[in-house]
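In: sequence below, structure please.
(6 chains, ligands or ions: 9)
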Amino acid sequence: MEDVLLSTVLVLLALGVLAAVLLYFVAQKFKVYEDPRISEVEELLPSANCGGCGYPGCKGFAEALVKAGDMKGFFCNVGGQPVMDSVAEKLGLVAEAKEPMVAVVRCAGSCENRPKTNTYEGVKKCTVAAALYAGETGCSFGCLGMGDCVDVCQFDALSMNPLTGLPEVDQDKCTACGKCVEACPKGIIELRKKGVKNRRVFVSCVNKAKGALAKKSCEVACIGCGLCAKACPFGAIEIKNNLAYIDYTKCKLCRKCVAVCPTGAIQAVNFPIIPKKETNENDVKAI
Amino acid sequence: MGYMEIIIGSIFVNNIVLSRFLGICPFLGVSNKVSTSLGMGGAVIFVMALSSVFVWLIQDLVLIPLGIEYMQTITFILVIAMLVQMVEIILKKLSPSLYQALGIFLPLITTNCAVLGVALILVQNEFTLLQSIAFATANAIGFTIALVLFAGLRERIELSNAPTAMKGVPVSILTAGLLAMAFMGFAGLV
Amino acid sequence: MKNKLLVAPSPHIHSGNSTKQLMHGVLIALLPALVVSIIFFGWASLYVTAVAVASCVFFEWFIQKFMLKRPISIMDSSAILTGVLLSFNLPATVPVWLVILGSLFAIGVAKMSYGGLGSNVFNPALAGRVFLLISFPVLMTTYPIPEANVMNVETKAFQCETNILSLDAVTGATPLAEARAIVAQGGELNTNMNLVTVKNMLLGVKGGSHGEVAVLALLLGFAYMLYKKIISWHIPVTILLTMFAFSGIIYFFDTAHYLHPLFHILTGGAMLGAIFMATDYVTSPMTHLGMIIYAVMIGVITILIRTWGGYPEGMSFAILLMNAATPLLNKVKPVKFGNKK
Amino acid sequence: MKSSLKNMVVVLATITTVTSFAVGYVYKITKEPIRKSKVQKTKSALEEVLPSFETLSEPQKLMVYDTDAENIIIYKATDANDAYVGCAVESYSNNGYGGTIRLVVGFDVNNSINKIAVVGHSETPGLGAKITETESPFIVQFQGKNPNEFKLSVKPDGGDVDAITASTISSRAYTDAVKRAFEGVKKSLGEEVDAVGSATSQYTKAEATQDADNNQKTDDNE
Amino acid sequence: MIMNKIQIFSKGLIKENPTFVLLLGMCPTLGTTSTAINGMSMGAATMFVLVMSNIAISLIKNIIPDKVRIPAFIVVIASFVTVVQLCMQAYVPALYETLGVFIPLIVVNCIILGRAEAFASKNGIFASALDGLGIGLGFTLSLTLIGAVRELLSSNSIFDYTFEFLPGNGVLLFALAPGAFIVLSYLLVLFNKYLKK
Amino acid sequence: MLKRFKKGGIHPHDNKITRAKAIEVMPLPKVAVISMAQHIGAPASPVVKRGDIVKVGQLIGQAKGFISANIHSSVSGTVKSVGDAVNSMGLLVPSVTITVDGDEWLETIDRSEEIVEKFDLSPKEIVSIVASTGIVGLGGATFPSNVKHSIPEGKTAKALVVNGVECEPYLTADHRLMLEHGREIVVAIKIICHAIGVEKAYIGIENNKLDAIESMTKASADTPIIEVVPLRVQYPQGSEKQLIEATMGAEVPSGALPIQVGAVVQNIGTMYAIYQAVQKHKPLFERVVTVTGKSVSEPKNLLTRVGSPVNDMIEYCGGVPEGTAKVIDGGPMMGRSMANLSGVINKGSSGILMMPETETPANDASSCIRCGKCVQVCPMGLEPYLLNVLADKRNFEECIEHSAMDCIECGSCSFTCPAHIRLLDNIRIAKREVGKILRNRK
Ligand SMILES: Cc1cc2nc3c(=O)[nH]c(=O)nc-3n(C[C@H](O)[C@H](O)[C@H](O)COP(=O)(O)O)c2cc1C
Ligand SMILES: Cc1cc2nc3c(=O)[nH]c(=O)nc-3n(C[C@H](O)[C@H](O)[C@H](O)COP(=O)(O)O)c2cc1C
Ligand SMILES: Cc1cc2nc3c(=O)[nH]c(=O)nc-3n(C[C@H](O)[C@H](O)[C@H](O)COP(=O)(O)O)c2cc1C
Ligand SMILES: Cc1cc2nc3c(=O)[nH]c(=O)nc-3n(C[C@H](O)[C@H](O)[C@H](O)CO)c2cc1C
Ligand code: SF4
Ligand code: SF4
Ligand code: SF4
Ligand code: SF4
Ligand code: FES
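Out: Ligands and ions are numbered 1, 2, ... in the order given. Have a look, this model is predicted:
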């Protein structure tokens, strides 16, 4: 009986020592250089080698992660968030604080402002329609309203407003990832500074046609008249190709431009409502 | 047991993943793409064949003579872990390309049930050395076949529009279930 | 212009094909087999078919409406087809709850869980059948035998009319199962080859699932589908040829213990499977070369299972297995234009 | 902790020593109960299948067919008066659906089957596993039958045994094991017909089972 | 502090449920859940090893050199597994037989090594024990649930308590391999829908 | 057995309503809006300004860049404006708008009916005439023909393939030209064979135009280098790669140009234009346009000046019929549907097709049933169903592996899909994105 115990101990002892020695020497002998960060990250990982992350083991995960240099899409189920945090810390990948940005839709051509001139019947995608023609309205620059941008947003921050036929950004959900900017074939969405108290002023139009043509197709088009540029005390507005553009790095949110725009193409969002707005609208009618 | 029976039996009838339920974690984990699943399959075949030899040697030359068969679990896992780690280190040095194709899957294999499970089953069956190798290799091939089929199915499902609630893991597992059901057709072949 | 112009990318015309039309084509092709089945097995077979169709359509509707909350698509008739084919794979005497359970599995698990028509990876009707076969082997292998004498058939059908729902099950094995039993008892097959005459095999006077027995009727359906260009010849013909060749080789070596190749392709689910189930668009390869590999493998696996496996019939399993391989076979590309030098 | 050859070896050595010691100790404690539990099954099976008896003979190992890979084991039972009351046979068949089926078959004085117990099988639940349902018609049909009159093979094979529906294979294997037991008894009795009445060595019930223990196959991983 | 401990314990039940959320230890999850009792026993055995190895590892974590960390952990875990194996063999042999090869395979269950690495090697004894207990309990509950559902569907009973549920004495498929996958798949859907936030 | 291309293809009903209608001359427009972008490649730059008086045939736009073409005035009158004008797709294009005043042609243009057979020009001279007269392919792609005629270094042409297939349903412009101007086309073929240095020309014509086959055979009877090849009807036989396979038996490799197999393909209309340019000194400013549709009251083949408003032409043929849903510039398989009718005819416009809603495909796509029909009909051997989903999931990298760029946009796949999926819509997007990726890789 006793020798069973003895042999048990001896066998395991031998194996253990063998393991230690062999591993040590093999590791010495067959050393290969690799990014030291890989093994550092690997150390932090649970070594469960479960493959749950979709990579071949913790090492594969570490390698892919170090190579990618970016935490996006990497997650270890076993270790959970704490492990991922420490990995991010080790790699110095903690997202540095940036100026908060938000997506804005630079088109106000709602169904009322911009009457339909034809009916589109292809695959309901902006890219498809844009490749074919100008779109269902007379404006060949504006939003096509088929929601490619909505489809790509992973944060549910965009939605199509059925009344206007335009996408709307939920400023609290938008992470300024820029996916929608890439997706829009008309270049309508732009990432702009979120602004103090979420206040922003921008030209909600991208129509580069001459004034008359632009106005004919859409009530609220920028006609490139230049009044805003003249009114801006900070030189933040530039007119190019019959279109005004407000540089958000220069804009001080004074809203002088909003007041002078004859078509109402300039939008000021999240400002407290002031009676001035009404005069503004009267102005439009007067013209 | 004849070799034919061992081979057909382990590849189809008692498929290691679909019928014995071993190695499910890598089966679910490394089956996103057919190409990766092939690499994984290759690595499993290699490790299983190799470890079956060592396991058999330990069982027959050490554990049985000393009458300490109860130490199977500990010794086998230690040996397998050590073996795999060494192969990985050596492969990385000697053949980086082979390492890229197969080696990167090695760590994943150490700690999955399939290798240890097969080791335990083969000593339980008291196979000869050659039978052990045949058994282990056939099981690994069975694993690879199941894995590659499954990866193909997953690639396809990825492109179709599964219901939101089923997307991802649930529909994959369901597919594994139906695949297992299809494999039951082989029941009774040996 | 009064009304606005329609604008769409080209092409601006369409062949007029539709999914629904194709499904209806297959249903029409299945009609002769249903008629023969009613003649042989009585109204019970119509009853089983009706229950299967109704429950398949119901489950599809229910799941789409209340669980997936997606647009209802039962109008495309694919659920009807699944129902018909599922029922064709059942003995005419199974209890109603079994039919409903099979439909639930076929539609709920094998089809809708993947997102419905076109998304599933396994043939729903076969998944349903195999599920039932594994779960209820006794019920699923108790077949009524049609009267061996075709002359009696009318009276039989007549009798059943008075007693629609309880067909007096004269249970018996399928020719395949019978052949197995003979071999198991140490008997020899070549002396017993008159298990069923070729004529009866063609007409469908033999035991089996109620839709699979009528070989000629199924072939008629095949001809119709070929004519209507619903399917191409590749899959069915290759499967039957492979089965014939492979079982022929085995038969050649030991005529006493293995079945005649003709017997193989005329019995069991060979015809139904090869013509109607292996050809299901959704779960079979897209290219002709892929189809041929697929079909050869189905033929081989079927004979393997029939000859050495635990189940007497291997068609369903073989098709399901190759359904699983279909994504891989779809990696076989069509021959591209511009490769010829 | 940083690794060096020395501390690696020392730590691993320590851990293995400690744990193996612990495991070995547990092994020592459990060795006896494990052995006991292993034989318990056979023991209770023997008691179950035999008519009431007092003592059991020494187990006798026997090869029934030339092709056999394994022995069957026969225990002869006697009552308080040393009269032969029957015997129990540990038998098996390799032809089950899931592999080997192991039975203990009890025979009475007339070599009629008394009762049968399944001690090991891996048949499919719901199908072949029905061979363990003691009350089922399949099992009951064997009880009290004398295999000399009751042909031990399933009906499809031309015998008298009604197979379990859809489990002909399991039924066939079960029947095969019973037949093997019966053949064994015949062989054993044929050789020692005289010896039965005057068995030299006699055991008490307790001793008999003890003995059975010792003859257990020890191939399992103990 | 108390809150914290409760959290350590309770996270394994739902938020980090090893079966339904982390999808670890899938082999026993599928292989041993043909009945509720089997699932529960497997869960309990795993839980025991998990708690013990967590305790042991948090005890020795400071003296182990990095390079042999994994072998050392494996030896510790394997020892506990062998102890469980021996004890089950001795005292609940029937159960041991049904669970079969899955008992020794606890060694390679990703949960155990994972917890050892991720938690026990960085935390104190009490916390590690709680962690093991919580995760182990989550595992056990999941396995029991899967086992119960499969048993119900395949033989109209739960913990051997029989009642009429499905016609035809239950659906055999659910006792077999495919049924395990299918049940797990739909339970996952339900779990995701109703429990996971 | 007649020749045809081997792989894929479909058989839409040909609906050649106007096949028996002789070419009629369309009256002059009041205002002509002549686009500077009537060819693929960069738009031409206008060389006239507001107020200038122009004659018919006068150069008003100078080719800018390699694959660009000259633009000539199609009318005489005063330039009203130079700048962006909205085209029938609603897009802004640089154009020259001319108020028509009389019909005064440049004197150099030979307006007589007489057929000039003889030519005495070097290949170089021919190519330069083709270039300066602004000739682009009239088969649809509006590719400048002179570029095709300048055989690149290291390649030799083996044959000229004249595309008389006109496989688009409804259109009959080429058909009529072959019937009415067969002789001129033969002369043009001889000219181009000389220009590109080949001794062989094929004229591919489908056998639903037996009269054209007969007419061309007769016209070329004395020209042994020309072989009229009757072809079995199958769309898209007219696509150059398919036509080359059908006539010459050679497959143009993926990504390569026809010249790779020694072929130069030109449309019938282009050949007629070349004849007029070389022998009659007439630049390309008018073309035959088929105005058609099942319920159009007077469908016609009209010889139309480039820049004529679509509206005028429709009015000339009896107006827009009741129930018209779509008006298509071109044929129903490849043409573009117009967003408005105020656009004009360009060099590439081969037809104006008015279709009622009942004839246009329903907008009711369901999910792909993987029937493989699209794979079977694709003449390029692609897998449209796969490209469609890949593009839908924006997985453009994989579209490269599946040869998205080989698609010739024939539309056979969309035409045939029983699930009514508009496969080509997504495939076009895939091609665009893949093109971007490939360009970035370079
Ligand atoms: C999953 C599965 C399990 C099976 N299990 C058994 C079994 O345990 N015992 C058995 O005899 N047959 C089993 N079979 C075999 C079939 O039931 C087979 O049809 C039957 O044994 C032979 O038919 P018969 O008994 O009706 O003659 C099984 C088949 C399958 C597919
Ligand atoms: C950059 C470029 C160069 C080309 N060069 C030639 C050429 O050298 N020879 C030629 O015959 N065609 C040439 N082509 C024309 C194409 O082969 C083809 O005729 C044209 O794209 C229109 O084809 P389609 O009408 O079939 O679409 C060229 C096209 C491009 C885009
Ligand atoms: C699908 C498809 C169909 C075509 N059909 C015709 C046709 O019917 N007739 C034709 O002249 N060109 C047709 N083309 C254009 C030809 O490919 C080719 O560009 C043309 O014949 C070249 O001659 P061109 O440059 O003179 O136009 C087709 C192109 C495509 C892609
Ligand atoms: C030729 C053809 C064969 C079909 N075969 C089957 C079949 O075997 N089983 C089935 O459930 N549906 C069948 N269908 C219907 C349909 O394709 C099937 O329900 C889809 O698999 C569901 O996504 C068939 C359809 C066609 C056109
Ligand atoms: S896609 Fe990105 S940038 Fe655009 S709305 Fe969504 S979160 Fe904001
Ligand atoms: S903003 Fe751009 S992408 Fe979004 S709907 Fe409008 S056109 Fe489409
Ligand atoms: S449009 Fe493109 S993909 Fe579709 S059939 Fe034509 S060549 Fe093939
Ligand atoms: S034709 Fe349509 S339904 Fe058929 S495979 Fe192609 S895309 Fe799918
Ligand atoms: S539990 Fe992870 S591989 Fe088995």
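In: can you tell me the element the one residue sitting closest to the centre of chain D falls in?
Out: Closest to where the C-alpha atoms of chain D average out (C-alpha atoms, centre = their mean) is D:E90, at 4.0 Å. Assigned by DSSP states H and E, D:E90 belongs to strand D:84-96.
In: so the helix or strand following that strand versus strand D:84-96, what angle?
Out: Counting by DSSP H and E, the next helix or strand C-terminal to strand D:84-96 is strand D:99-108. Between strand D:99-108 and strand D:84-96, the angle comes out at 160 degrees (axes from the mean of the first three to the mean of the last three C-alpha atoms, to 10 degrees).
In: and the residue nearest to the centre of chain D, how far from D:D108?
Out: 17 Å (C-beta to C-beta, to the nearest Å). Quick note: C-beta positions are derived from backbone N, CA and C, even for glycine.
In: hang on, the earlier thing: wait, the residue nearest to the centre of chain D touches D:V39, no?
Out: No - applying C-beta atoms under 8 Å as the test, D:E90 and D:V39 come out as separate, 11.6 Å apart.
In: packing partners for the strand holding D:E90?
Out: helix D:5-49, strand D:72-78, strand D:99-108, helix D:168-197 (3 or more C-beta pairs under 8 Å, 6 or more residues apart in numbering or on different chains; DSSP states H and E).
In: any idea which of the ones you listed gets closest to chain C?
Out: helix D:168-197 (7.7 Å; C-beta to the nearest C-beta).
In: any part of the closest one near chain E?
Out: No - Helix D:168-197 is not in contact with chain E by C-beta under 8 Å from any C-beta of the partner chain; minimum separation 14.1 Å.
In: so who does D:K145 touch?
Out: D:112-113 (C-beta atoms under 8 Å, 6 or more residues apart in numbering or on different chains).
In: same thing with the one 4 residues further on?
Out: Applying C-beta under 8 Å, 6+ apart to D:E149 gives no contacts.
In: element containing it?
Out: Per DSSP H and E: nothing holds D:E149, as it lies in no helix or strand.
In: near chain E, which residues of chain B? Just list them.
Out: B:18-25, B:28, B:70-74, B:77-78, B:81-82, B:111-113, B:116-117, B:120-121, B:124, B:165-166, B:169-171, B:173-174, B:176-178, B:180-181, B:184.
In: mind listing the strands for chain E?
Out: For chain E, the strands defined by DSSP state E occupy E:157-158, E:161-162.
In: same deal with chain A?
Out: So, for chain A - with DSSP E - the strands run A:101-105, A:118-120, A:158-161, A:166-169, A:189-193, A:200-203, A:237-240, A:243-246, A:266-269.
In: between these, which gets nearest to chain C?
Out: strand A:118-120 (4.6 Å).
In: neighbouring strands of the closest one in the sheet, and parallel or not?
Out: strand C:5-7 (parallel) (DSSP bridges).
In: next SSE after the partner strand?
Out: Criterion used, DSSP H and E; the element after strand C:5-7 is helix C:19-41.
In: who are the packing partners of that next one?
Out: helix C:43-62, helix C:78-88, helix C:150-162, helix C:215-227.
In: rank those by pLDDT, which is bottom?
Out: Comparing mean pLDDT across the helices and strands packed on helix C:19-41, the weakest is helix C:150-162, with a mean of 37.
In: now do the contacts for F:C371.
Out: Taking C-beta under 8 Å, 6+ apart, one finds C:22, C:281, F:418-419 in contact with F:C371.
In: of those residues, closest to ligand 8?
Out: Ligand 8 has its nearest neighbour among the contacts of F:C371 in F:A419, at 4.0 Å by C-beta to the nearest ligand atom.
In: skip the chain neighbours and tell me the closest residue to E:L187.
Out: The spatially closest residue to E:L187, leaving aside those adjacent along the chain, is E:I146, at 6.3 Å (C-beta to C-beta, 6 or more residues apart in numbering or on different chains).
In: tell me the spacing between that neighbour and F:S150.
Out: For E:I146, the distance to F:S150 - C-beta to C-beta - is 74 Å.
In: for E:V171, same thing?
Out: Counting by C-beta to C-beta, the gap from E:V171 to F:S150 is 75 Å.
In: ok, back up a step: who's more crowded, E:I146 and F:S150?
Out: E:I146 (24 against 16; other C-beta atoms under 10 Å in any protein chain shown).
In: OK, contacts around that one?
Out: Contacts of E:I146 by C-beta under 8 Å, 6+ apart are E:19, E:29, E:33, E:39, E:180, E:183-184, E:187.
In: buried subset of those, written for ChimeraX?
Out: With 16 or more other C-beta atoms under 10 Å in any protein chain shown as the criterion, this ChimeraX line picks the buried residues out of the contacts of E:I146:
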select /E:19,29,33,39,180,183,184,187
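In: what's the closest of the contacts of E:I146 to C:M243?
Out: Set against C:M243, the nearest of the contacts of E:I146 by C-beta to C-beta is E:A180 (32.7 Å).
In: shouldn't that closest one be in contact with E:R150?
Out: Yes - with contact defined as C-beta under 8 Å, E:A180 reaches E:R150; the gap is 6.7 Å.
In: common neighbours of the two, please.
Out: With C-beta under 8 Å, 6+ apart, E:A180 and E:R150 have common neighbours E:33-34, E:174.
In: and for D:Q141, the neighbour number?
Out: So D:Q141, with other C-beta under 10 Å, has 14 neighbours.
In: which intervals of the stretch 151-300 of chain C have sub-threshold pLDDT?
Out: For the stretch 151-300 of chain C, the stretches with pLDDT under 70 are C:151-174, C:181-198, C:200, C:203-207.
In: strands of that one, residue ranges please.
Out: For the stretch 151-300 of chain C, the strands defined by DSSP state E, counting those that start in this stretch occupy C:171-172.
In: how about the residues of it by ligand 6?
Out: Residues of the stretch 151-300 of chain C found near ligand 6 (C-beta under 6 Å from any ligand atom): none.
In: quick one, helices of the stretch 151-300 of chain C?
Out: Applying DSSP state H, counting those that start in this stretch to the stretch 151-300 of chain C gives helices spanning C:175-184, C:198-203, C:215-227, C:234-253, C:261-266, C:270-272, C:288-308.
In: was I right to think E:A72 contacts E:I64?
Out: Yes - look at E:A72 against E:I64 with C-beta under 8 Å: they come within range, at 5.1 Å.
In: pretty sure B:F186 contacts B:V13?
Out: Yes - B:F186 is within contact range of B:V13, at 4.9 Å (criterion: C-beta under 8 Å).
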